[in-house]
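A.B. asks: need a structure here:
(one chain, ligands or ions: 1)
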Amino acid sequence: MDGRLVPGAGGAFETINPATEEVLGTAADASADDMDRAIAAARRAFDETGWATDHAFRARCLRQLREGLRRRADELRELTIQEVGAPRFLTFGAQLDAPVDDLAWFADLVEDYAWERDLGRAEPMGMPSHRRVVREAVGVVGAITPWNFPHQINLAKLGPALAAGNTVVLKPAPDTPWCAAVVGEVIAEETDIPPGVVNVVTSSDHALGAQLTRDPRVDLVSFTGSTATGRNVMASAAGTLKRVFLELGGKSAFVVLDDADLRAACSYAAFAGITHAGQGCAITTRILVPRERHDEAVEITAGALAKLGAGDPQDDRTICGPVISARQRERIEGYLELAVEDGGAFACGGGRPEGRDRGFWIEPTLITGLTNDSRAAREEIFGPVLVILPHDGDDDAVRIANDSPYGLSGAVHGGDVARARGVARRLRTGTVSVNGGVWYGADVPFGGYKQSGIGREMGVAGFEEYLETKSIAEGV
Ligand code: NAD
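C.D. replies: So this is what the prediction gives:
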């Protein structure tokens, strides 16, 4: 906070390894007064320093942050595996290395971006004028983040927000305070980022997030989390008419067309669906398969899920580790019960894996026999639980995929790529993968249609979320 590492006025709270339930240590537990001071520091840094206008300095600072995090990559990798329960293989991608590397893209963007556009002279209403359009930072950003991909989400907010010239108060999820605290430590100790520009406020209390959404000194709230909380954030931010940028939940469809290689598609759907125990907003959790090949698809998918299993996140081969907390495990188990009440059956899984007495575990699970209007098929479960549904051709598959309050992501697999691409274009979602294509990248905008969010993260579109537009006309 304000360039210094300070204890929380609320004391400290424990952070726990979800694979073992072992207490890893404690994090500073900030109070409402701490949050107040953090917002004041961010406000001061924005209003009273040259941070917002010195583009070259910001680009340099972002590169220092990237280098500082890279130097601590080994320590951060172990921390991420232990605090998040993230499988080791993912830390070489979206759980750590990719978002750290992506900071370079935002540093380059600061230097390449057209901050000013000259519209030239005109004579509106007979008054000769020279018009310019200037892009500038919004001000103080309140960044509120979840626990599932903490580095990716923290850095996908810090990177563009800082590149644009904003100052930031980052409030991470109570389950993963260390991942954010280390970023704060690197900023304070290894970069020239001025005091107050980034404040990382860890807390066990969700109320500190709500405080950020209400405070009139905060200009923009950049929130990633559940749709239910997103609604509260938007309502609360309305009091001071802040800009809100929301990345929310999903229930994305994996569409297998009738000309697809069924074995390859269903095996991939199993792998994609339970990566990080299904704790990804963009994970495809509804598998839509041709009705005439439904039973075969169930057999392939269930076989693949059973083979992948749930395992120790420290192991290089693990795809599906634990879920984050006992609370989250209970929530998932509630959906498993609901699925059975609604007439569903488990083609594999459906409970806790044998032999894991410590930690928060759910077996990779495939639910059959539901319709798209049952709760387990409609709502975000956020665990290694997939629902398989039959479709009657491309139009029906599109209809089922789009019959959802969410619109975050999706996938289409088919033999004829032009046809698969055509189906992809009809999905009402912010991203779509065709035949295994990966849309993730610093330059690729990511975000949701419908109740999956407002705005885009990453890419130039994501950067521009953090900018204001000012038009200046000079009388000539
Ligand atoms: P959550 O909504 O419970 O919490 C997210 C953050 O909001 C936490 O930091 C929390 O402390 C804070 N918070 C809670 N109540 C608040 C309030 N009233 N006002 C302000 N802040 C508040 O979500 P979670 O359980 O941490 O994360 C899982 C959810 O995040 C899933 O729904 C998932 O789909 C979603 N998610 C979305 C994306 C995306 O980019 N679309 C990415 C990752 C996760």
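A.B. asks: which bits of the protein sit near the ligand?
C.D. replies: Selection of the chain residues close to the ligand by CB under 6 Å from any ligand atom yields 144-149, 153, 171-174, 206, 209-210, 213, 224-226, 229, 232-233, 247-250, 281, 380, 382, 408, 448, 453. C-beta coordinates here come from the backbone N, C-alpha and C atoms, glycine included.
A.B. asks: Just the ones of the residues you listed in helices?
C.D. replies: Secondary structure of the residues of the chain next to the ligand is defined by DSSP state H; positions in helices are Ile153, Gly209, Ala210, Thr213, Thr229, Asn232, Val233.
A.B. asks: Neighbour-wise, give me the winner out of these.
C.D. replies: For those, counting by other CB atoms under 10 Å, the largest number of neighbours falls to Ile153: 28 neighbours.
A.B. asks: Who are the contact partners of that residue?
C.D. replies: With contacts defined as CB atoms under 8 Å, 6 or more residues apart in numbering, Ile153 is in contact with Thr145, Pro146, Thr224, Glu247.
A.B. asks: If any of these are buried, give me the ChimeraX selection for them.
C.D. replies: When burial is assessed using 16 or more other CB atoms under 10 Å, the buried subset of these is captured in ChimeraX by this command:
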select :145,146,224,247
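A.B. asks: Present the contacts of Ile153 as a markdown table; the columns should include pLDDT.
C.D. replies: What follows is the contacts of Ile153, written out as a markdown table (pLDDT from 0 to 100):
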| residue | pLDDT |
| --- | --- |
| Thr145 | 98 |
| Pro146 | 98 |
| Thr224 | 98 |
| Glu247 | 98 |
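A.B. asks: Specify which member of the contacts of Ile153 is nearest to Glu333.
C.D. replies: Pro146 (20.3 Å; CB to CB).
A.B. asks: Surely that closest one touches Gly225?
C.D. replies: Yes - because the distance of 4.7 Å satisfies CB atoms under 8 Å, Pro146 is recorded as touching Gly225.
A.B. asks: Check the stretch 51-200 of the chain for the residue nearest the ligand and tell me.
C.D. replies: Using CB to the nearest ligand atom, the single residue of the stretch 51-200 of the chain nearest to the ligand is Pro146, 3.0 Å away.
A.B. asks: Name all residues that make contact with that residue.
C.D. replies: Residues in contact with Pro146 (CB under 8 Å, 6+ apart) are Ile153, Ala173, Thr224, Gly225, Ser226.
A.B. asks: repeat for Ile287
C.D. replies: Contacts for Ile287 (CB under 8 Å, 6+ apart) come out as Ala253, Phe254, Val256, Cys266, Ala269, Gly273, Ala297, Thr301, Leu386, Val387, Ile388, Leu389.
A.B. asks: for it, which residues make a bridge with it?
C.D. replies: Assessed by DSSP bridges, Ile287 has beta-bridge partners Phe254, Ile388.
A.B. asks: State the distance from it to the ligand.
C.D. replies: Using CB to the nearest ligand atom, to the nearest Å, Ile287 is found at 18 Å from the ligand.
A.B. asks: now swap in Ala40 and tell me
C.D. replies: From Ala40 over to the ligand the distance is 19 Å, taken as CB to the nearest ligand atom.
A.B. asks: That residue and Arg217 touch, don't they?
C.D. replies: Yes - in terms of CB under 8 Å, Ala40 counts as a neighbour of Arg217; the distance is 7.1 Å.
A.B. asks: Would you mind giving me the confidence score for the residue nearest the centre of the chain?
C.D. replies: For the chain, the residue sitting closest to the mean C-alpha position, by CA atoms, centre = their mean, is Ile153 at 4.9 Å. Per-residue confidence for Ile153 comes out at a pLDDT of 98.
A.B. asks: which residues does the residue nearest to Gly142 when sequence neighbours are not counted contact?
C.D. replies: With sequence-adjacent residues excluded and distances taken as CB to CB, 6 or more residues apart in numbering, Gly142 is closest to Leu212, at 3.6 Å. For Leu212, the set of contacting residues under the criterion of CB under 8 Å, 6+ apart consists of Met35, Ile39, Gly142, Ile144, Val169, Lys171, Val218, Val221.
A.B. asks: mind redoing it with 6 Å?
C.D. replies: With contacts taken as CB atoms under 6 Å, 6 or more residues apart in numbering, Leu212 has the following neighbours: Gly142, Lys171, Val218.
A.B. asks: And Glu247, how far from Met458?
C.D. replies: Applying CB to CB, to the nearest Å, one obtains 10 Å for the distance of Glu247 from Met458.
A.B. asks: same check, this time on Asp112
C.D. replies: Distance check for Asp112 against Met458: by CB to CB, it reads 16 Å.
A.B. asks: Tell me which of the two has more neighbours.
C.D. replies: Residue environment comparison for Asp112 versus Met458 gives the larger neighbour count to Met458, 25 against 8, counting by other CB under 10 Å.
A.B. asks: and that one, what pLDDT?
C.D. replies: The model reports Met458 with a pLDDT of 98.
A.B. asks: who's in contact with the residue nearest to it when sequence neighbours are not counted?
C.D. replies: Leaving aside its sequence neighbours, Met458 sits nearest to Phe446 (CB to CB, 6+ apart; 5.1 Å). For Phe446, the contacting residues are Thr431, Glu457, Met458, by CB under 6 Å, 6+ apart.
A.B. asks: want to try a markdown table for those, with secondary structure as columns?
C.D. replies: Shown next, in a markdown table, are these (DSSP: H, G, I helix; E, B strand; the rest coil):
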| residue | secondary structure |
| --- | --- |
| Thr431 | coil |
| Glu457 | strand |
| Met458 | coil |
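A.B. asks: would you list every one of the helices in the stretch 351-476 of the chain?
C.D. replies: If you assign secondary structure with DSSP state H, counting those that start in this stretch, the helices in the stretch 351-476 of the chain sit at 375-378, 394-402, 417-426, 459-464.
A.B. asks: can you redo those as JSON lines with mean neighbour count and distance to Val186?
C.D. replies: Written out in JSON lines, the entries for the helices of the stretch 351-476 of the chain read as follows (neighbours: other CB atoms under 10 Å; distance: least, CB to CB, whole Å):
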{"stretch": "helix 375-378", "mean neighbour count": "19", "distance to Val186": "41"}
{"stretch": "helix 394-402", "mean neighbour count": "19", "distance to Val186": "41"}
{"stretch": "helix 417-426", "mean neighbour count": "16", "distance to Val186": "39"}
{"stretch": "helix 459-464", "mean neighbour count": "19", "distance to Val186": "22"}
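A.B. asks: Would you tell me which of those gets closest to Asp97?
C.D. replies: Evaluated with CB to CB, the helices of the stretch 351-476 of the chain place helix 459-464 nearest to Asp97, the distance being 19.2 Å.
A.B. asks: Please save the CA atoms from that closest one in CSV.
C.D. replies: Taking Å, rounded to 0.1, in the frame of the first residue of the first chain, the C-alpha atoms of helix 459-464 are listed here in CSV:
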residue,chain,number,x,y,z
GLY,A,459,-6.3,-7.3,-26.7
VAL,A,460,-6.6,-3.6,-27.8
ALA,A,461,-10.3,-3.8,-26.9
GLY,A,462,-9.3,-4.8,-23.3
PHE,A,463,-6.8,-2.0,-23.1
GLU,A,464,-9.4,0.6,-24.3
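A.B. asks: quick one: contacts of it?
C.D. replies: Leu109, Pro160, Asp443, Val444, Pro445, Arg456.
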